[in-house]
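**Q** This is the structure alone, sequence omitted:
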Ligand SMILES: *[C@@H]1O[C@H](CO)[C@@H](O)[C@H](O)[C@H]1NC(C)=O
Ligand SMILES: *[C@@H]1O[C@H](CO)[C@@H](O)[C@H](O)[C@H]1NC(C)=O
Ligand SMILES: *[C@@H]1O[C@H](CO)[C@@H](O)[C@H](O)[C@H]1NC(C)=O
């Protein structure tokens, strides 16, 4: 009897040990499922950009008018929380005029996407000046004092705007080849056209002032754009997909000019980015699995959530591993104790 129970506990400890060995492999395989096959439907791909469109809508509307979607078109928020930290910027007339137009254009984009796909509630957005200051700090790799404030004046607001539609634009370029239906591609082409137009206007306004220093820093507009573009390349973990207003001549059009009013590749075609690359940038941390930056609770929709969910899964897996290790330890101790007792008794 003592022999068979001894064998029994021996067996249970072996089972636990094998479980510990096998689990990591099983869990690793499990983790891969989420992000590929299921998520490439037109619906998911068209819903994903809503995140950036919400960001642009709120930033432009608040910057120009001092209020946002909750006042302009509350139904489009689908009940998502109001943005944090957005405020009216101190803009000159022409900038306020242009940014107002951009803000209302973004409202149209939200409506068009939500007509085509179901969409999701507005994610929590953090548009506090300190979030922008954090991006600029990361871009320069050091504190600049006072911290960068996008709402301070027109030039600062344009530099902050340099952060936004361009990321959307590269997302649309990256998404296009993965869409199946003509209606999806037609919507995307319409969105891409206006996003790149907005980016071009912002870049042109900054290009005129590229030699100006951004007060009160002794840093030119051109250098700001270079640093921001480099940061986006770094965070996205890609080769060059982003270029400042002045580039080494080999990156300019046909390798002939260093002026770079538009960012484009060797054939002067727009760069594309994947959703993961975009999330790494807008979360500000280079990791699509960790919410942060402009999206303190993460972006919404199946694509963005799948990255966050798989992180939760990793945490759960770690908990399971810990538990099975404890089980193994317990079984071993029990086994040892029984063996010792039986041996002692005998
Ligand atoms: C800016 O707009 C305001 C109000 O529309 C107007 O009173 C003011 O004269 C304008 N300023 C300039 C410099 O155009
Ligand atoms: C917004 O960002 C700032 C700066 O990182 C942070 O201090 C603040 O807690 C954030 N707010 C929310 C609601 O996440
Ligand atoms: C500003 O920067 C330029 C170039 O880096 C430098 O020559 C100049 O002395 C600086 N001016 C001040 C006031 O720091």
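**A** Received the coordinates, thanks. Bear in mind that the values here come from a model prediction, so they are computed numbers and not experimental data. Ligands and ions are numbered 1, 2, ... in the order given.

**Q** drop to CA atoms for contacts and neighbour counts, all remaining ones
**A** Noted.

**Q** give me the number of residues near residue 247?
**A** Applying the criterion other Cα atoms under 10 Å, we find 17 residues in the vicinity of residue 247.

**Q** From residue 235, how far off is it?
**A** 19 Å (Cα to Cα, to the nearest Å).

**Q** if I pick the residue most central in space within the chain, what's in contact with it?
**A** Among the residues of the chain, the smallest C-alpha distance to the mean C-alpha position (Cα atoms, centre = their mean) belongs to residue 279, namely 1.6 Å. With Cα atoms under 8 Å, 6 or more residues apart in numbering as the criterion, the residues that contact residue 279 are 286-288, 299, 304.

**Q** And those residues, which is closest to ligand 2?
**A** residue 299 (12.9 Å; Cα to the nearest ligand atom).

**Q** And the closest one, what's its pLDDT?
**A** Turning to residue 299, the model gives it a pLDDT of 95.

**Q** could we number from 683 for the rest of this?
**A** Okay, residue one is now 683; in that scheme the one you just asked about reads as residue 981.

**Q** Help me confirm that it is found in a strand?
**A** No. Counting by DSSP: H, G, I helix; E, B strand; the rest coil, residue 981 is located in no strand; its state is coil.

**Q** Would you check that it makes contact with residue 805?
**A** Yes. With contact defined as Cα atoms under 8 Å, residue 981 counts as touching residue 805 (6.0 Å).

**Q** anything in contact with each of the two?
**A** residue 733.

**Q** Which residues of the stretch 733-882 of the chain lie near ligand 2?
**A** In this structure, the stretch 733-882 of the chain approaches ligand 2 at residues 766, 808, 810, 812-813, judged by Cα under 6 Å from any ligand atom.

**Q** got a markdown table for those residues, with pLDDT too?
**A** As requested, those are arranged in a markdown table below (pLDDT from 0 to 100):
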| residue | pLDDT |
| --- | --- |
| 766 | 98 |
| 808 | 97 |
| 810 | 97 |
| 812 | 96 |
| 813 | 94 |
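
**Q** Please convert the buried members of these into ChimeraX selection syntax.
**A** This is the ChimeraX syntax for the buried subset of those, where burial follows 16 or more other Cα atoms under 10 Å:
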select :808,810,812,813
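
**Q** Kindly reformat the residues of the stretch 733-882 of the chain next to ligand 2 as TSV containing distance to residue 977 and secondary structure.
**A** Formatted as TSV, these follow (distance: Cα to Cα, whole Å; DSSP: H, G, I helix; E, B strand; the rest coil):
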residue	distance to residue 977	secondary structure
766	10	strand
808	6	strand
810	11	coil
812	13	helix
813	10	helix
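
**Q** can you list the residues of the stretch 733-882 of the chain next to ligand 2 in TSV and add distance to residue 957?
**A** Putting these into TSV (distance: Cα to Cα, whole Å) gives the following:
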residue	distance to residue 957
766	24
808	20
810	24
812	25
813	21
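
**Q** Looking at the residues of the stretch 733-882 of the chain next to ligand 2, spot the one nearest residue 830.
**A** Using Cα to Cα, residue 812 comes nearest to residue 830 of these, at 7.7 Å.

**Q** Let me see the contact set for the closest one.
**A** Applying Cα under 8 Å, 6+ apart, one finds that residue 812 lies in contact with 829-831.
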